[in-house]
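1. show me the folded form of this:
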Amino acid sequence: MNHLLRSKRVLVLCGAGGVGKTTTAAALGVAAARAGRRVLVLTIDPARRLAEAMGLSENGSEPTTIPTARLFSDGPPGPGRLDVWMLEPGLVFERMIHHLAPSPEAARAIIEHRFYRFLSELVAGVQEYAATEALDGFLHDARYELIVLDTPPSRHALDFLDAPGRLSRFLDERIVSLFGPEEHAHGARLWRGAQALVGRVLDGVFGAGFTREMRAFVGAFGGLFAGIRLHTERLRTRLESPEAAFLLVTSPESAALRETAFFQDTLVERGLPFAGYILNRSWARDAALAHPEALLEHVGDDAHAEHGVAALARLAATEHARAESHRTLLARLAEQLPSGAIAVAAPDAGAELEEFSGLVRLGEALVVG
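-> Down below sits the predicted model:
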């Protein structure tokens, strides 16, 4: 894990909902920053206690910088830096409009149009597209050496991976031309007839003038299509390159493991750089659990004490069995890894994560795991 944190430009964390993916992303960001890198963690919707532990601003327009005194509270400050930003899809999409529009006036004409809300909800209102667009933008920000992306839950994994391609298909000229200005329509009589048919249907459903208004909006938006395609193609190339790595966060629960197996297959099929597993909330590293029967030599003839030790022994046997089961699971995950990938166990940090120091300890555990 230490090699990934020191050498990669992008770490993408994927996994089922509820496995601690967002917390793991934050802990890896903390570890990388403490190791000296300038890090940005892009997160979707952190739990309240995690957001409070990191001092994360809700709906902030810019990343929140973790104070150096908090990041290095246990020693002298280092050169590393940690910023965190909670993705706001509408803000991401609006910034893209301003960046790609030929002028501020053109950007305002798009954003203030009543159809813009429909389009932004269709495209940027989904977390998956916001994640890809924000990632593309920050990859060109010289402030950051490493970006850790916390993706939506894996039931939306294909949506995240397909977001650039899905947008490109939405913006395909053959579809857009149905709503483009009439003077720019294809010369073929059949296509002009299709435009007229679409116009009559939409005007009949939404009222007279709808198609004309839609054409005006598409005309204003049309100049951005090439730039959006460039963004999506560029990001796909970056995610397929050796500078990126995908980590699958899972837990010992069977449902999470099934999701992880499905997602690994997806990554391999698409040729994306699968870097390994993080088995979260695991007892796999608890190899040195003490056995309470050692207390018997101290209880003497006290029957109540013997009864208490016996109860503790039964509980300890359950815990030992769980730890052994998790170690077996971790070994099984490691067996199916491609060359160079890793399988790391992360402990269940529990209430420790209510404090930033808990993220520090979790990050350290992941690095040495």
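2. ok, A245 - contacts?
-> By Cβ atoms under 8 Å, 6 or more residues apart in numbering, the contact set of A245 is L4, K8, V10, L11, V12, P273, F274, A275. Heads up, the C-betas are built off the backbone N, CA and C, glycines and all.
3. secondary structure element for the fifth one, which one?
-> For V12, the enclosing helix or strand under DSSP states H and E is strand 10-15.
4. sheet-wise, list the partners of that strand with their directions.
-> For strand 10-15, the paired strands and their directions (DSSP bridges) read strand 146-150 (parallel), strand 244-250 (parallel).
5. can I get the shortest one in PDB, CA atoms only?
-> Below are the C-alpha coordinates for strand 146-150, written out as PDB (Å, rounded to 0.1, in the frame of the first residue of the first chain):
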ATOM      1  CA  LEU A 146      -2.300  12.400  -5.500                       C
ATOM      2  CA  ILE A 147      -6.100  12.400  -5.800                       C
ATOM      3  CA  VAL A 148      -8.100   9.800  -3.800                       C
ATOM      4  CA  LEU A 149     -11.600   9.300  -5.200                       C
ATOM      5  CA  ASP A 150     -14.400   7.800  -3.100                       C
END
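6. who wins for neighbours among the contacts of A245?
-> V12 (26 neighbours; other Cβ atoms under 10 Å).
7. what's the spacing between that residue and L146?
-> 12 Å (Cβ to Cβ, to the nearest Å).
8. please apply the same query to P273.
-> Taking Cβ to Cβ, one finds P273 at 15 Å from L146.
9. all the helices of the stretch 251-369 of the chain, residue numbers only.
-> All helices of the stretch 251-369 of the chain, identified by DSSP state H, counting those that start in this stretch, fall at 254-269, 303-335, 356-368.
10. show me what the shortest one packs onto, helices and strands only.
-> Spelled out, that is helix 356-368. helix 2-7, helix 21-34, helix 48-54, strand 342-347 (3 or more Cβ pairs under 8 Å, 6 or more residues apart in numbering; DSSP states H and E).
11. now do it against strand 244-250, angle only.
-> If you take axes from the mean of the first three to the mean of the last three Cα atoms, to 10 degrees, helix 356-368 sits at 110 degrees to strand 244-250.
12. same deal with the first one?
-> Between the axes of helix 254-269 and strand 244-250, defined by the same axes, to 10 degrees, the angle is 160 degrees.
13. remind me what helix 254-269 packs against, helices and strands.
-> Judged by 3+ Cβ pairs under 8 Å, 6+ apart, helix 254-269 is in contact with strand 10-15, helix 157-170, strand 244-250, strand 274-282.
14. could you do the longest one as well?
-> Using 3+ Cβ pairs under 8 Å, 6+ apart as the contact criterion, the secondary-structure elements in contact with helix 303-335 are strand 274-282, strand 342-347.
15. partners of the shortest one in the sheet?
-> Okay, so that is strand 342-347. strand 274-282 (parallel).
16. circling back: any chance of the helices of the stretch 251-369 of the chain in a markdown table, plus mean neighbour count?
-> Below are the helices of the stretch 251-369 of the chain laid out as a markdown table (neighbours: other Cβ atoms under 10 Å):
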| stretch | mean neighbour count |
| --- | --- |
| helix 254-269 | 16 |
| helix 303-335 | 14 |
| helix 356-368 | 19 |
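17. need those helices in JSON lines with distance to F138 and mean pLDDT, can you?
-> Formatted as JSON lines, these follow (distance: least, Cβ to Cβ, whole Å; pLDDT from 0 to 100):
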{"stretch": "helix 254-269", "distance to F138": "22", "mean pLDDT": "83"}
{"stretch": "helix 303-335", "distance to F138": "31", "mean pLDDT": "79"}
{"stretch": "helix 356-368", "distance to F138": "21", "mean pLDDT": "89"}
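18. kindly reformat these as JSON lines containing distance to G227.
-> Output for those, formatted as JSON lines (distance: least, Cβ to Cβ, whole Å):
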{"stretch": "helix 254-269", "distance to G227": "28"}
{"stretch": "helix 303-335", "distance to G227": "41"}
{"stretch": "helix 356-368", "distance to G227": "37"}
